[in-house]
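Peer 1: Give me a 3D structure for the following:
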Amino acid sequence: MTHPSIHARTQPNKIAYQMAATGKAISYRELDELSNQGAQLFRALGLKAGDHVALLMENRLAFMEICWAAQRSGLYYTAISRYLTQDEIGYIVRDCGAKLVITSPKCAEQIQGLNTGAPGEPLFFMVDEPLAGFRSWDREAGVQPLSPISDEVAGYDMLYSSGTTGRPKGIKKTFENQPIDWPNPFLLVLCANMCGMGADTIYLSPAPLYHAAPLRFNMMAIILGGTSIIMESFDPEAFLRLVETHKVTQSQLVPTMFVRMLKLPEEVRRRYDVSSLRGAIHAAAPCPVDVKAKMIDWWGPILIEYYAGSEGNGVTVSTSQQWLDHRGTVGRAVVGKVKILDENDRERPAGEIGTVYFADAPQFSYHNDPEKTRRAYNSKGWSTLGDVGYLDADGFLYLTDRKSYMIISGGVNIYPQETEDVLITHPAVADVAVFGVPNEEMGEEVKAVVQPHDMAHAGKPLEAELMAFCRSKLSPIKCPKSIDFEPELPRTPTGKLVKRHLRDRYWPSLR
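Peer 2: Down below sits the predicted model:
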């Protein structure tokens, strides 16, 4: 475990980060100098260790330069999704207590209304040529010294959950006053030991950098001395082409990316040499069994799945071989101990479904929300992310769904994920969401909303075909009673389905 400032002395000309589409890159020496200048500017503006900054921008080199500047100056840095509304962005900026916000011209429209010049609001900077009302990050940082600040100390990301079930929640790590090369034990185990990342790594990053996993993996690749290729946005064929062109060794993906690659024509998938891949890490959502089996058959046993949240309260990991022996698992605990509890906090035996908790695991808190923090813990101090699942006899965890999405129909618990995993394998389906809608007799009934590959085929015949397909593979009670069609489902750019945006339409009381 080390730091890019050390690599800057031993391999100054090696590429640290490179943008996939433009080829624009920075070396370790340039990353060290730019992050030093950023840290110097933070201090010149009066920011001290423990203060907060926020950044809102597309995938670009400046994103990582600013994160490293904050990391080496002891700041909490909050990366914000550029797909949020101005109201949502304003909430996060206020909630995290940002003293400084850095954005780009591409994101100016979403943030311009927050920059009013009112007393007490943060300073607003912009990379590239700043618009009116924004200070120039490039010019003001560019005149700062290239040397490190005198009081370097490790800063931390303070990221917000994606808000799939409500307002985003900020997860804040306690400030520990550690040196800038202080190790993250879990990331070191996952990236170096399990995925084989190191100085020879060519890491391909296909997801938005504001999300926890892409940001942390991009920083870990550089901590270990490798090179990271950052895609501006994910495209399935472009991903395969980049693997071949750059001889990519590791990447971190989400299941929806696997689905999109598998639905490419066979001749396109076979066109590219992906044999350089040694580790394909995936998380964010459970991967449908058929999808993962096809990926292992295509790429080989290099898939590594983990289950964790931005909260960092526990982690499970499964190698491909473990998954093949325990199909459908998200792994066995490597941080904390998994406990499956019923609604009365009693432990459930192997094979029985309950809420997933982590015991003997790191503590966390939701920033400015003690009530949400309290609800995440039980009386024993065990914490949960709100997911539902079960353990098998060997201690491997299987997720069934989020507790908030469980359907109760006629007193029977139905977990939508199982139905979604079946429907997504139909060749006409590009994406799917399953949830409960009101039913006068049963309380709830199963509803599916499908994004077809071709909206011209949406209608009663496709609905009947999909319902018959589902009944051929699942118990009738788990199958949708009706299917609606949408041209696109509301997913975050990291692949999480924002199901409440669909579900609330069918529940008048929730509007």
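Peer 1: got any ranges where the stretch 251-400 of the chain has weak pLDDT?
Peer 2: 285-286 (pLDDT under 70).
Peer 1: What are the boundaries of the helices in the stretch 401-511 of the chain?
Peer 2: For the stretch 401-511 of the chain, the helices defined by DSSP state H, counting those that start in this stretch occupy 416-423, 460-471, 500-503.
Peer 1: actually the stretch 251-400 of the chain, not the one I wrote
Peer 2: Under DSSP H, counting those that start in this stretch, the stretch 251-400 of the chain gives helices at 255-262, 266-269, 289-299, 320-325, 370-375.
Peer 1: Deepest in the core, which of those helices is it.
Peer 2: Highest mean neighbour count among the helices of the stretch 251-400 of the chain (mean count of other C-beta atoms under 10 Å): helix 255-262, with a mean of 21. Placement of C-beta: from N, CA and C, glycine included.
Peer 1: list the helices and strands that one packs on?
Peer 2: helix 236-246, helix 289-299 (3 or more C-beta pairs under 8 Å, 6 or more residues apart in numbering; DSSP states H and E).
Peer 1: could those helices be laid out in JSON lines, adding distance to residue 372?
Peer 2: JSON lines is the format used below for the helices and strands packed on helix 255-262 (distance: least, C-beta to C-beta, whole Å):
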{"stretch": "helix 236-246", "distance to residue 372": "36"}
{"stretch": "helix 289-299", "distance to residue 372": "32"}
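Peer 1: So which of those helices is nearest residue 279?
Peer 2: helix 289-299 (10.2 Å; C-beta to C-beta).
Peer 1: I'd like to know which elements that closest one is packed against.
Peer 2: helix 255-262, strand 303-307, helix 320-325, helix 416-423.
Peer 1: chain center to the third one: distance?
Peer 2: What it means is helix 320-325. The chain centre lies 23 Å from the centre of helix 320-325; the measure is C-alpha atoms, centre = their mean, to the nearest Å.
Peer 1: So which residues make contact with it?
Peer 2: Helix 320-325 is contacted from outside by 292, 296, 300-305, 329, 331-332, 396, using C-beta atoms under 8 Å, 6 or more residues apart in numbering.
Peer 1: Specify which member of those is nearest to residue 365.
Peer 2: The shortest approach to residue 365 among those belongs to residue 331, at 25.4 Å (C-beta to C-beta).
Peer 1: Contact partners for that closest one?
Peer 2: Contacts of residue 331 by C-beta under 8 Å, 6+ apart are 305-307, 316-318, 322-323, 396-397.
Peer 1: Would you mind listing which of the residues you listed are buried?
Peer 2: 305-307, 316-318, 322-323, 396-397 (16 or more other C-beta atoms under 10 Å).
Peer 1: Now distance to residue 462 too, for these, in CSV please.
Peer 2: Shown next, in CSV, are the buried ones among the contacts of residue 331 (distance: C-beta to C-beta, whole Å):
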residue, distance to residue 462
305, 32
306, 36
307, 33
316, 37
317, 39
318, 35
322, 37
323, 32
396, 36
397, 35
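Peer 1: Dig out what the nearest residue in space to residue 319 that is not next to it in sequence forms beta bridges with.
Peer 2: Residue nearest to residue 319 in three dimensions, not counting chain neighbours: residue 304, with 5.9 Å by C-beta to C-beta, 6 or more residues apart in numbering. In this entry, residue 304 is beta-bridged to residue 281, by DSSP bridges.
Peer 1: Next, the buried residues of stretch 379-386.
Peer 2: Buried residues in stretch 379-386 (16+ other C-beta under 10 Å): 382-385.
Peer 1: Am I right that residue 39 sits in a helix?
Peer 2: Yes. Using DSSP: H, G, I helix; E, B strand; the rest coil, the secondary structure at residue 39 is a helix.
Peer 1: can you pull the contacts of it?
Peer 2: Here residue 39 is in contact with 69-70, 72-73, 148-149, 152 (C-beta under 8 Å, 6+ apart).
Peer 1: follow-up on the earlier one: among the helices of the stretch 251-400 of the chain, which is nearest residue 161?
Peer 2: Going by C-beta to C-beta, the one of the helices of the stretch 251-400 of the chain nearest residue 161 is helix 370-375, 9.9 Å.
Peer 1: so how far is residue 352 from residue 39?
Peer 2: 52 Å (C-beta to C-beta, to the nearest Å).
Peer 1: Pull the contacting residues for residue 337.
Peer 2: Residue 337 touches 314, 358-361, counting by C-beta under 8 Å, 6+ apart.
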